[in-house]
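Have a look at this prediction, sequence included:
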Amino acid sequence: MSACTLVSVSTVLGCHSCFRVDMFSKGTKRKFSDDGGEMSDESLGGANVSSSYNLQRQSLLDMSLIKLQLCHMLVEPNLCRSVLIANTVRQIQEEMTHDGSWQAVTEAFCNGSQSPSERLVATEVLCRSREQDAEPKLFSVISYEGCREEEVVADETLCSVSVSDAASNVCLSESVGHCWETGELRVVESDEETSEGSRLGPGDDDDDDEDDEDEDEVDEEEESSREDSKSMGQVFGTFEIKNGSSGPDSALEELFSDVDASYYDLDTMLTGIQSAPKMGPYDLLDSLAPSHGPPSLGSPSNCRSDLNELDHIMEIIVGS
Amino acid sequence: SSRSASRRPPTFLLNRSDIISTVEFNYSGELLATGDKGGRVVIFQREQESKNRPLSRGEYNVYSTFQSHEPEFDYLKSLEIEEKINKIRWLPQQNAAHFLLSTNDKTIKLWKISERDKRAEGYNLKDEDGRLRDPFRITTLRVPVLMPMDLMVEASPRRIFANAHTYHINSISVNSDHETYLSADDLRINLWHLEITDRSFNIVDIKPANMEELTEVITAAECHPHQCNVFVYSSSKGTIRLCDMRAAALCDRHSKFFEEPEDPSSRSFFSEIISSISDVKFSHSGRYMMTRDYLSVKVWDLNMENRPVETYQVHEYLRSKLCSLYENDCIFDKFECCWNGSDSAIMTGSYNNFFRMFDRNTRRDITLEASRENSKPRAMLKPRKVCTGGKRKKDEISVDSLDFNKKILHTAWHPKENVIAVAATNNLYIFQDKIN
């Protein structure tokens, strides 16, 4: 059972990196073909719909943040486009806040000095598959006439209803918490889960104890995944946007070779390490911060400050 | 076939220019103006019917070319201001000269296009080559004589309306009073008098006090064709507001608010983006207006605000590709739409150099392609079809074969006849329906 799970998990990771690389390579018409996705479909059944959804939602979020960042350098960016992308980012963040994923992301960011790839690993952990007995389907997938199977994997799930019900929330956050708590990429029966009562989402019965537990869980998880982190770093490293990339951007990049290269680095962007480069003001985006509200009742103050820090990071990302 | 037996399919003529960014017929249809990314305006004129050259009737030939806008640099923001012509709008003709407004992101210019086919000769005070004559040498007076010369078409800028827009101008629209016009950018709409360049009235301002709260921008605006106090503007959230300038100086409060309720079953992260309206056009009658969003065209009755009266799917097969189209930015393409002269048909563009026409009465639609490979001069245009699933029939094109770099954003319909102008990147196609 566990061997089977490990295989499927690594497959999920594999396919995730696969289409992340694809996403940022230029030129060719890509399909969101997931050989990995299809395989994990078979092994995990309906649970994979939501993990696949989370993966793609995360990718959409990353893509959107990059789009906001990489605007035209010479000409003022298109305000309409920026507003629409920023609204999309907000939407994703609101949804992630609702189902607890965002909380975990902020905690991951705040945990000591981790290497960028490990932070992304933490994000990845969120998106891992849930246990087998989870709610089968969170979202109704609408099939559109004429869609080919392999192309549909990413597009359909993202194009489908994104509202998840409370019960599903519980399942998802419990499973995530559980992963972190055991420090293993392994799924355990539901008894153990409920006794831990760990929850990362802004649930009603959050209290400080649980959240302290969560942070410990995160640390454990980080240690256990350190082995993987190297390979993860390699994998994620391939899609970091390098300054010296070839292709149509190279001329532009020569022109702006004195611009801080780390600005293009996905990792530093997400952690907001660099100071905001001078790109010329984005009229909208001078301090556009995601206006998602603070987490619901019961969330501890450190999470609130984490969200503020993220707001700050967003400000840096999207404007000067 | 979607055309009735008594009408022949369109023929076509081809012209070339740089990447075309706007196309507009004048009020009579005699002139057709195009603006391009290089800031140039090219005006075509329709040939008069002539017994000597019967086949040339209806051909559009270049009439005038001029550089309307130049690239500028905003030193304050360290940003370039593109010279691309966003919109051209003709003024109604009042004398022998023609007037049009052309705009880039920041500046609107009024151009006068006039013909000169005579030249005065025999001046008293200067020689034929223009040098002043010595007054003491002038012993007789003569009346200068007008001599014919080769036709020269001159374009001269008569007004420059600048420094009124902080954000990028997306629309200009001449009012039915023929004295004023409006210009709209992402957050504001200004009303100008054609004679006055140093000031304009701000009539709509949706800029929030705190820019962090900005979630919606203005995408298009147009004056009502008959009621000079009425105009509409559309937004990135798929709404249209109709405003009455008599109600208040600042028209922040709309008189009518048009929005179609969202279908909850089709909600996704892309719902808002595809609902963003890229163009709004009143019908010639003034009773309807048409809006274009990413996947459809909607016709609204101005008396009904809660939903459109007609909806036409332009390329519904793209709905499952929205994620890819978001990635390659195609989802932000701004397609325009237009009415025919009698408001019985509407037209809009799509990808792969396809454009679509919808007959509002028969509910028939047709997809045509503007490309040189598939059209020969004076040949019939073959209807195209996109295969959305199942087995692809011969001559059908599958969704995956569509070229998303070939997009038809700008189309125009002759105000009276069945002549259409279609801009495909840097080529201008003019099609007409020959009725024999």
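On my side now, so go ahead. Numbers count the residues shown, from 1 in each chain, chains lettered A, B, ... in the order given.

May I have the phi/psi pair for A:Met96?
Here is the backbone geometry of A:Met96 (degrees, to the nearest 10): phi -70, psi -30.

how deep is it tucked in, by neighbour count?
Other residues near A:Met96 come to 21 when the count uses other Cβ atoms under 10 Å in any protein chain shown. C-beta here means a position set from N, CA and C on the backbone, and glycine is covered the same way.

surely it meets A:Tyr53?
No. A:Met96 lies out of contact with A:Tyr53 (Cβ atoms under 8 Å); the separation is 11.4 Å.

Now do the same contact list for B:His416.
That one is not His; residue B:416 is Lys. B:Lys416 is in contact with B:Ser28, B:Gly29, B:Gly341, counting by Cβ atoms under 8 Å, 6 or more residues apart in numbering or on different chains.

So which of the residues you listed are in strands?
Among these, DSSP state E puts none in strands.

Quick one: these as TSV, columns for distance to A:Leu79 and neighbour count too.
Shown next, in TSV, are the contacts of B:Lys416 (distance: Cβ to Cβ, whole Å; neighbours: other Cβ atoms under 10 Å in any protein chain shown):
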residue	distance to A:Leu79	neighbour count
B:Ser28	36	14
B:Gly29	35	16
B:Gly341	35	16
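
overlap in contacts of A:Met96 and A:Tyr53?
Counting by Cβ under 8 Å, 6+ apart, nothing touches both A:Met96 and A:Tyr53.

For chain A, give me its nearest residue in chain B.
Using Cβ to the nearest Cβ, B:Gly389 is the residue of chain B that sits closest to chain A, at 3.0 Å.

which residues of the stretch 301-436 of chain B fall in helices?
B:322-327 (DSSP state H, counting those that start in this stretch).

where does chain B dip in pLDDT?
B:1-17, B:50-57, B:374-375, B:434-436 (pLDDT under 70).

what about A:Ile316, which SS state?
Applying DSSP: H, G, I helix; E, B strand; the rest coil to A:Ile316 yields a three-state assignment of helix.

you'd agree B:Leu244 is up against B:Cys251?
Not quite, residue B:244 is Asp, not Leu. Yes. B:Asp244 is within contact range of B:Cys251, at 7.3 Å (criterion: Cβ under 8 Å).

quick one: which of these two has more around it?
Neighbours per residue, other Cβ under 10 Å: of B:Asp244 and B:Cys251, the larger number sits with B:Cys251, 23 against 16.

Which residues are in contact with that one?
With Cβ under 8 Å, 6+ apart, B:Cys251 has these contacts: B:Ile189, B:Ile203, B:Val204, B:Cys243, B:Asp244, B:Met245.

is chain A contacted by stretch B:278-286?
No. Judged by Cβ under 8 Å from any Cβ of the partner chain, stretch B:278-286 stays clear of chain A, getting no closer than 9.2 Å.

mind checking the end-to-end distance for that stretch?
20 Å (Cα to Cα, to the nearest Å).

Torsion angles phi and psi at B:Phe231?
The phi/psi pair for B:Phe231 (degrees, to the nearest 10) is phi -150, psi 160.

neighbours around the closest residue to it other than its chain neighbours, how many?
Spatial nearest neighbour of B:Phe231, excluding adjacent residues (Cβ to Cβ, 6 or more residues apart in numbering or on different chains): B:Cys223 at 4.8 Å. Around B:Cys223 there are 25 other residues, counting by other Cβ under 10 Å.

CSV please, covering the contacts of B:Lys416 and showing distance to chain A.
CSV is the format used below for the contacts of B:Lys416 (distance: Cβ to the nearest Cβ, whole Å):
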residue, distance to chain A
B:Ser28, 34
B:Gly29, 32
B:Gly341, 31
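
With distance to B:Leu402 added, can I get those residues in a markdown table?
Conversion of the contacts of B:Lys416 to a markdown table gives the following (distance: Cβ to Cβ, whole Å):
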| residue | distance to B:Leu402 |
| --- | --- |
| B:Ser28 | 37 |
| B:Gly29 | 32 |
| B:Gly341 | 31 |
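
Any idea how far apart the tips of stretch B:25-33 sit?
6 Å.

what's the longest strand in chain B?
In chain B, assigned by DSSP E, the strand with the most residues is strand B:145-161.

Can you confirm whether the helix or strand following that one lies near chain A?
Next in sequence after strand B:145-161, counting helices and strands by DSSP states H and E, comes strand B:171-174. No. Judged by Cβ under 8 Å from any Cβ, strand B:171-174 and chain A are separated, with a smallest distance of 12.3 Å.

to the chain's geometric centre, what's the distance from strand B:171-174?
Remark: strand B:171-174 is offset 10 Å from the chain centroid, using Cα atoms, centre = their mean, to the nearest Å.

Counting by contacts, list what that strand packs against.
Helices and strands touching strand B:171-174, by 3 or more Cβ pairs under 8 Å, 6 or more residues apart in numbering or on different chains; DSSP states H and E, are strand B:87-90, strand B:98-103, strand B:180-184, strand B:218-223.

could you check the angle strand B:180-184 makes with the last one?
Angle, strand B:218-223 to strand B:180-184, by axes from the mean of the first three to the mean of the last three Cα atoms, to 10 degrees: 170 degrees.

go on, the second one?
Note on geometry: by the same axes, to 10 degrees, strand B:98-103 and strand B:180-184 are set 20 degrees apart in direction.

quick one: buried residues of strand B:98-103?
B:His98, B:Phe99, B:Leu100, B:Leu101, B:Ser102, B:Thr103 (16 or more other Cβ atoms under 10 Å in any protein chain shown).

bridging residues for the fourth one?
Each beta-bridge partner of B:Leu101 is listed here, defined by DSSP bridges: B:Arg89, B:Leu110.

which residues of chain A score low on pLDDT?
Applying pLDDT under 70 to chain A flags the ranges A:1-48, A:71-74, A:101-308, A:319-320.

can you do 80?
Residue ranges of chain A with pLDDT under 80: A:1-50, A:70-76, A:100-320.

Report the buried residues of stretch B:213-228.
Using 16+ other Cβ under 10 Å as the test for burial, stretch B:213-228 gives B:214-225, B:227-228.

Export only the CA atoms of that stretch, formatted as PDB.
Only the C-alpha atoms of stretch B:213-228 are listed here, as PDB (Å, rounded to 0.1, in the frame of the first residue of the first chain):
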ATOM      1  CA  GLU B 213      -8.600  49.100  -4.500                       C
ATOM      2  CA  LEU B 214      -8.700  49.200  -8.300                       C
ATOM      3  CA  THR B 215     -10.400  46.200  -9.700                       C
ATOM      4  CA  GLU B 216     -12.200  47.500 -12.800                       C
ATOM      5  CA  VAL B 217     -11.200  49.600 -15.800                       C
ATOM      6  CA  ILE B 218     -13.000  51.300 -18.700                       C
ATOM      7  CA  THR B 219     -12.500  49.300 -21.900                       C
ATOM      8  CA  ALA B 220     -14.600  51.200 -24.500                       C
ATOM      9  CA  ALA B 221     -16.900  54.200 -24.800                       C
ATOM     10  CA  GLU B 222     -19.200  55.500 -27.500                       C
ATOM     11  CA  CYS B 223     -21.600  58.400 -28.000                       C
ATOM     12  CA  HIS B 224     -25.200  57.700 -28.900                       C
ATOM     13  CA  PRO B 225     -25.700  58.200 -32.700                       C
ATOM     14  CA  HIS B 226     -28.700  60.500 -32.300                       C
ATOM     15  CA  GLN B 227     -29.000  61.700 -28.700                       C
ATOM     16  CA  CYS B 228     -26.100  64.000 -28.100                       C
END
